[in-house]
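**Student:** give me coordinates for this.
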Amino acid sequence: MVSFIVPVFYKDQDSFIYKRAIELINKFSYHSKIEVIIADSSKNPILQTVASNIKIIHTYVGDKVFSPSKARNQAVKIATKKYIFFYDVDMDYSGEFEDLLFSEIDNILETNKSKFIAIPFLYLTQKGTVIFESNKDLALFKNSFLKGQNDLVESISPNSSAMVMNREYFMEIGEFENIFSGHGGEDFYLIHCLCAHNPHSVKNDDYYTDFKTPFIANAKGFRLYMAYYSLPNFFKNLILVHRWHQRPLSNNFYSQRLRNENLLQEKMKAYDKKFTGLIWQSTTPMPDIEEFIETLMKNYGYDTGCYPGFFHYANGVKPIKRPLANKIRKLIIRPREFFADIKFIGRLV
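**Tutor:** The predicted model follows:
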């Protein structure tokens with residue numbers, strides 16, 4: 001039914017990416033409904049499998065910085081299923097996810113109600129990752145987030161590369177942009193293209209603003225616009241978790257963030273200019289995000305007074321204290337966010 005597209009890059013068998021790739025192979029081996037295409041872009045690839053439903057292709061092309069875009073695009077070309085799902089090795093899910101995913105494909109993609117499915121994920125803390133890997137209990141983490149706690153879940157990401165769509169449509173829309181390398185940018189550019197051709201409403205005036213916030217109710221820019229596609233899936237329990245791992249600044253994969261953010265702005269604006277008059281064809285006003293979330297919560301039986309996580313932390317909960325290395329990395333690669341965080345924390349303390 002669906003091909004999972006998984007890009008990987010590791011140095012050796014001691015790498016956490018390699019270890020999680022092995023876990024992924026074990027998880028999906030001989031699955032009757034899932035084909036897995038692993039695009040191994042390591043200089044010295046050592047991943048192997050005998051499972052008939054898992055294909056490992058070597059996609060190293062000599063780049064100094066790993067490009068998930070190039071790896072995913074090559075993997076899609078050999079996928080044999082009608083639908084593709086972009087999945088990463090640091091993601092995971094609970095037991096009911098697959099049934100929900102297959103049902104959503106049947107109800108949404110097969111009926112052409114939408115061209116793609118955007119799946120949100122919860123960023124687990126280090127503590128949350130250990131617990132999830134032992135019990136796979138999504139409800140525990142979903143409720144922790146909704147209650148405004150941050151000991152198990154650090155934050156939510158409404159949008160990322162975690163999307164499902166028809167393989168042919170992905171090729172038609174233009175694939176991932178190969179110019180992106182390293183962490184970030186390529187996923188939001190593809191989402192931008194999908195939004196442009198499948199708008200849910202009029203594009204907000206501040207759309208090109210790249211504004212990050214731990215609370216979706218405060219979202220702005222393109223992250224706000226894109227969130228409307230995935231938020232309903234959160235309440236359907238179609239949710240992934242992102243397992244904690246270190247992000248050393250010495251790894252040049254992570255040091256590309258600022259470059260990619262600037263490139264994303266350029267590419268989105270250029271795309272919209274190129275297709276002026278052919279995209280963003282909607283006259284529907286964009287819903288107020290707070291009202292949109294409150295309606296979803298009410299429909300699924302959540303009281304915003306008891307579950308404030310989309311709006312703010314619970315009383316007494318403070319932002320997670322970052323290690324010094326994290327702060328230095330943010331100062332170097334995302335200075336604007338670093339100083340914005342200082343102002344935000346100052347208001348809470």
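**Student:** when you work out contacts or count neighbours from here on, use the C-alpha atoms and nothing else.
**Tutor:** OK.
**Student:** pull up the gap between residue 37 and residue 73, please.
**Tutor:** 11 Å (Cα to Cα, to the nearest Å).
**Student:** mind checking which of these two has more residues around it?
**Tutor:** Set side by side, residue 37 and residue 73 show more neighbours around residue 37, with 27 against 21, by other Cα atoms under 10 Å.
**Student:** residue 84 contacts residue 34, correct?
**Tutor:** No - contact criterion Cα atoms under 8 Å: residue 84 and residue 34 do not qualify, at 9.8 Å.
**Student:** how about the strands in the stretch 1-150 of the chain?
**Tutor:** Here the stretch 1-150 of the chain has its strands, by DSSP state E, counting those that start in this stretch, at 2-8, 34-40, 54-58, 83-86, 91-92, 116-118, 121-124.
**Student:** can you put these in a markdown table and add distance to residue 140 and mean pLDDT?
**Tutor:** Converted to a markdown table, the strands of the stretch 1-150 of the chain look like this (distance: least, Cα to Cα, whole Å; pLDDT from 0 to 100):
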| stretch | distance to residue 140 | mean pLDDT |
| --- | --- | --- |
| strand 2-8 | 26 | 98 |
| strand 34-40 | 27 | 98 |
| strand 54-58 | 31 | 98 |
| strand 83-86 | 25 | 98 |
| strand 91-92 | 15 | 97 |
| strand 116-118 | 22 | 98 |
| strand 121-124 | 12 | 97 |
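**Student:** redo those strands as JSON lines? Include distance to residue 66.
**Tutor:** Below are the strands of the stretch 1-150 of the chain laid out as JSON lines (distance: least, Cα to Cα, whole Å):
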{"stretch": "strand 2-8", "distance to residue 66": "9"}
{"stretch": "strand 34-40", "distance to residue 66": "10"}
{"stretch": "strand 54-58", "distance to residue 66": "13"}
{"stretch": "strand 83-86", "distance to residue 66": "17"}
{"stretch": "strand 91-92", "distance to residue 66": "19"}
{"stretch": "strand 116-118", "distance to residue 66": "24"}
{"stretch": "strand 121-124", "distance to residue 66": "22"}
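**Student:** list the contacts of stretch 222-239.
**Tutor:** Residues external to stretch 222-239 that are found in contact with it (Cα atoms under 8 Å, 6 or more residues apart in numbering): 93, 97, 100-101, 117-122, 158-159, 191-192, 195, 203-204, 206-212, 216, 289, 293, 296-297, 300.
**Student:** at 6 Å instead, please
**Tutor:** Contacts to stretch 222-239, defined as Cα atoms under 6 Å, 6 or more residues apart in numbering, come from residues 118-121, 158, 207-208.
**Student:** so how far is that stretch off the chain centroid?
**Tutor:** Here stretch 222-239 is found 11 Å from its chain centre; the criterion is Cα atoms, centre = their mean, to the nearest Å.
**Student:** what's the closest non-adjacent residue to the residue nearest to the spatial centre of the chain?
**Tutor:** Per Cα atoms, centre = their mean, the C-alpha nearest to the average position across the chain is that of residue 160, at 2.4 Å. Leaving out its chain neighbours, the residue that sits closest to residue 160 by Cα to Cα, 6 or more residues apart in numbering is residue 187, at 5.7 Å.
**Student:** same deal with residue 32?
**Tutor:** residue 53 (7.9 Å).
**Student:** give me the neighbour count for that neighbour.
**Tutor:** Neighbours of residue 53 using other Cα under 10 Å come to 18.
**Student:** tell me the spacing between it and residue 231.
**Tutor:** From residue 53 across to residue 231, the span is 31 Å (Cα to Cα).
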